[in-house]
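In: Give me coordinates for this.
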Amino acid sequence: MGFGRYYEEFEPGAVYAHWPGRTITEHDNTWFASLTMNQHPLYIDDHYARQQPLGRRPVIDTLVFSLAVGMSVADTSGKTIANLGYESVVFERPLFPGDSLYAESEVLEKRESASKPDRGVVAIETRAYNQNRERVLVLRRSVRNDVHARLHSSIGRVSGGLGWGSCGGFRPDTLFSARLSWRCHARIASGIVIADLQDDRAHRCKRMLKHHRHRCAHIVQLCGSREWRGCSCHRTG
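Out: I've put the predicted structure just below:
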């Protein structure tokens, strides 16, 4: 299983169950309180906590939050460029030492970035539960993700796993302007003609490929295409 997802791999409505869960101990709770300098006696003074409405020390809410977000990374934001912010964080019930925490995330929506077409923004809701399937936390956040999954995977397959390394360490964003859309990248990586792009981005593709004609020839060879139809720089033969 891959770590995280590219923008185009997210689908609104998809739910990812995160695994494994995590049992929280007394040591975890005390250690986290010390680490974060949270000196509230409810979390570090057992005698004080027994006299409060809960009757015992709960797990620090920020520890529950941190674990829930951490559990979600492998399935959601492992390829994130930037964590844009948290829209809401709601603690619905306390968690206690000895309880186990589990989480799942749902994709709420996604949109391409208006300023950077090679990236997109994804809104995610993460829900955390205890071992009894009682919900303890709900949070919503937005992340910015790269959209080059097809480019990386296609070149990796056709080059026998060498990827861009077989092109002298050449990276796709060196060849293609960051202003180009991921659709342009996907067409090029799969050997589809760039002439299909009926706007000014096709012209920019041609200019960039012409500027790097010696690299262009190698990439064409990897993609299994005899020529770049629509590319004015050259034919490979």
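In: What residues sit buried inside the helix or strand where residue 64 lies?
Out: Here residue 64, judged by DSSP states H and E, is contained in helix 61-73. Across helix 61-73, burial judged by 16 or more other Cβ atoms under 10 Å covers 61, 63-65, 67-69, 71-73. Placement of C-beta: from N, CA and C, glycine included.
In: so what does it touch, helix or strand wise?
Out: Secondary-structure packing of helix 61-73 (3 or more Cβ pairs under 8 Å, 6 or more residues apart in numbering; DSSP states H and E): helix 26-35, strand 80-91, strand 100-112, strand 119-129, strand 135-146.
In: Mind doing that once more with 6 Å?
Out: When contacts are defined as 3 or more Cβ pairs under 6 Å, 6 or more residues apart in numbering; DSSP states H and E, helix 61-73 packs onto strand 100-112, strand 119-129.
In: can you redo those as CSV with mean pLDDT?
Out: Shown next, in CSV, are those (pLDDT from 0 to 100):
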stretch, mean pLDDT
strand 100-112, 97
strand 119-129, 96
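In: Now distance to residue 145 and mean neighbour count too, for these, in CSV please.
Out: CSV is the format used below for the helices and strands packed on helix 61-73 (distance: least, Cβ to Cβ, whole Å; neighbours: other Cβ atoms under 10 Å):
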stretch, distance to residue 145, mean neighbour count
strand 100-112, 9, 18
strand 119-129, 6, 21
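In: Make JSON lines from the ones you listed and add distance to residue 8 to it.
Out: Putting these into JSON lines (distance: least, Cβ to Cβ, whole Å) gives the following:
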{"stretch": "strand 100-112", "distance to residue 8": "9"}
{"stretch": "strand 119-129", "distance to residue 8": "8"}
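In: Show me the domain layout of the chain.
Out: 7-146, 149-223 (automatic domain parsing).
In: pLDDT weak spots in the protein?
Out: Counting by pLDDT under 70, the ranges of the chain that qualify are 1, 148-237.
In: repeat that for 80
Out: Low-confidence segments of the chain, defined by pLDDT under 80: 1-2, 115-117, 147-237.
In: So what does the closest residue to residue 46 other than its chain neighbours have for phi and psi?
Out: Among residues not flanking residue 46 along the chain, residue 57 sits closest, at 5.8 Å (Cβ to Cβ, 6 or more residues apart in numbering). For residue 57, the backbone dihedrals (degrees, to the nearest 10) come out as phi -70, psi 130.
In: Alpha carbons only: can I get the helix holding residue 64 in PDB?
Out: Extracted C-alpha coordinates of helix 61-73, given in PDB (Å, rounded to 0.1, in the frame of the first residue of the first chain):
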ATOM      1  CA  ASP A  61      -7.600  16.100  24.600                       C
ATOM      2  CA  THR A  62      -4.600  17.300  22.500                       C
ATOM      3  CA  LEU A  63      -3.100  13.800  22.700                       C
ATOM      4  CA  VAL A  64      -6.300  12.300  21.300                       C
ATOM      5  CA  PHE A  65      -6.200  15.000  18.600                       C
ATOM      6  CA  SER A  66      -2.600  14.300  17.700                       C
ATOM      7  CA  LEU A  67      -3.100  10.500  17.600                       C
ATOM      8  CA  ALA A  68      -6.200  10.800  15.400                       C
ATOM      9  CA  VAL A  69      -4.400  13.100  12.900                       C
ATOM     10  CA  GLY A  70      -1.300  10.800  12.900                       C
ATOM     11  CA  MET A  71      -3.400   7.700  12.200                       C
ATOM     12  CA  SER A  72      -4.900   9.400   9.200                       C
ATOM     13  CA  VAL A  73      -1.600  10.400   7.500                       C
END
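In: Can you give the contact residues for that helix?
Out: Helix 61-73 is contacted from outside by 18, 22, 32, 91, 95, 101, 103, 105, 126, 128, 137, using Cβ atoms under 6 Å, 6 or more residues apart in numbering.
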